[in-house]
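Asker: mind looking at a prediction? Sequence and model below.
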Amino acid sequence: MNPSPRKYSAAAEDQAALWAARLDGSTLTAADRAALDQWLNEDPAHRALLSQYCQFSTDLEDQLPALVAAGAVHLPPEKKPARFRWPVIWSAGVALAAAAAVAFALWTGAPASQIENLSTPLAQRQSFTLTDGTQVELNAQTSLRVENTKSERRVRLAGGEAFFRVSKDSARPFIVETPAGSVRVTGTVFDVRTESASEFDVTVVEGSVQVRPGALGRDSAPVALGARERFSASAGTGVQTLSTAALDDVLAWRQGQIVFDRVPLHEALARFARYHGRGLTATAGAAQLRVGGRFSLDDLDGFCTALEEVLPVRVSRDLSGTVQVSLRADH
């Protein structure tokens, strides 16, 4: 059985509606922000109520024409806005107030959350637009579970790499959870890569994020990242500030490329192995050789040929397609 919806006081409803209008229609001053924070802290229910009205303001733009067409409300032609904004609703009189009441009742009866499941196959990258307008690009063998609710947007990234251009929504934070940590934002552009419970890289292109290392981000204090900053738990390097060229290198996978800067050979092979779903290994003598350069993710044969040209190694393949790299001197 579904629980009954929470009942709020008329005063709280009115205040939430006014704050939603101001957040949607103007930029808050420092004094306004302080007043909003005070109101939110007065009662934990205020934050949830404000989130509902902010989401309602977005949804009403789509619902209001249907209500008018169905005859639920009647608007004077000169009062019909080209684009819905809260100030219009509250200044246009009884008809629009009635529309708001009917639309809000319909909206709150909608499902509590929306679930999206996204994934990419071997050796393919894909782009998607989520229901909230967020754009996401997935590297090969990456899967996401996205849950949109009235209070937050939560993404679970079990493994792989994803690039997010998050639709701004101050009332609904956007949270990415991975086995190695989490990222929290309201609207920004960033990249997340995770391969295991110990590998966790976050790179920010625009805006800022809060990173929490540890299982699902519950073990550590948040680390703040700004534009062109990168957090790497796997490398143990903490926060780095990236040059424009270094930022481009990190995000090269979006153009089907990968850049190595003197990384151990076994790490480079692991990146190609995940992308292609193939076994790529190195013998003990070859594993710690260093690899550098820009390579095409889709051209595994070209990468193997380049290894033999620049390193003292030999690449062999068995009938199953498994690739092994060993020192040339061992043959």
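Answerer: Sure thing, it's come through.
Asker: can you count the residues close to residue 178?
Answerer: 29 (other C-beta atoms under 10 Å). No exception for glycine: its C-beta is placed from N, CA and C like everyone else's.
Asker: hmm, it is touching residue 198, no?
Answerer: No. With contacts counted by C-beta atoms under 8 Å, residue 178 stays clear of residue 198, the gap being 11.0 Å.
Asker: any weak-confidence spans in the stretch 151-300 of the chain?
Answerer: Low-confidence segments of the stretch 151-300 of the chain (pLDDT under 70): 215-220, 234-237.
Asker: I'd guessed residue 254 sits against residue 135; true?
Answerer: No. The pair residue 254 and residue 135 fails to qualify as a contact (C-beta under 8 Å) at a distance of 11.7 Å.
Asker: if I look at residue 262, how far off is residue 251?
Answerer: From residue 262 across to residue 251, the span is 19 Å (C-beta to C-beta, to the nearest Å).
Asker: of those two, which one has the most company?
Answerer: residue 251 (17 against 9).
Asker: once you drop chain neighbours, what's closest to the more buried one?
Answerer: Using C-beta to C-beta, 6 or more residues apart in numbering and skipping residues adjacent in sequence, the residue nearest residue 251 is residue 191, 6.1 Å away.
Asker: the one you found touches residue 205, doesn't it?
Answerer: Yes. Between residue 191 and residue 205 there is a contact under C-beta under 8 Å: 7.3 Å.
Asker: give me the common contacts of these two.
Answerer: residue 251 (C-beta atoms under 8 Å, 6 or more residues apart in numbering).
Asker: neighbour count winner among the two?
Answerer: In terms of neighbours (other C-beta under 10 Å), residue 191 is the more surrounded of residue 191 and residue 205; the figures are 22 against 18.
Asker: please name the bridge partners of the more buried one.
Answerer: residue 163, residue 203 (DSSP bridges).
Asker: contact partners for it?
Answerer: By C-beta under 8 Å, 6+ apart, the contact list for residue 191 reads 161, 162, 163, 164, 201, 202, 203, 205, 250, 251.
Asker: repeat for residue 324
Answerer: Neighbours of residue 324 in contact, by C-beta under 8 Å, 6+ apart: 280, 281, 282, 283, 315, 316, 317, 318.
Asker: hey, where'd the helices end up in the stretch 51-200 of the chain?
Answerer: Here the stretch 51-200 of the chain has its helices, by DSSP state H, counting those that start in this stretch, at 86-91, 94-108.
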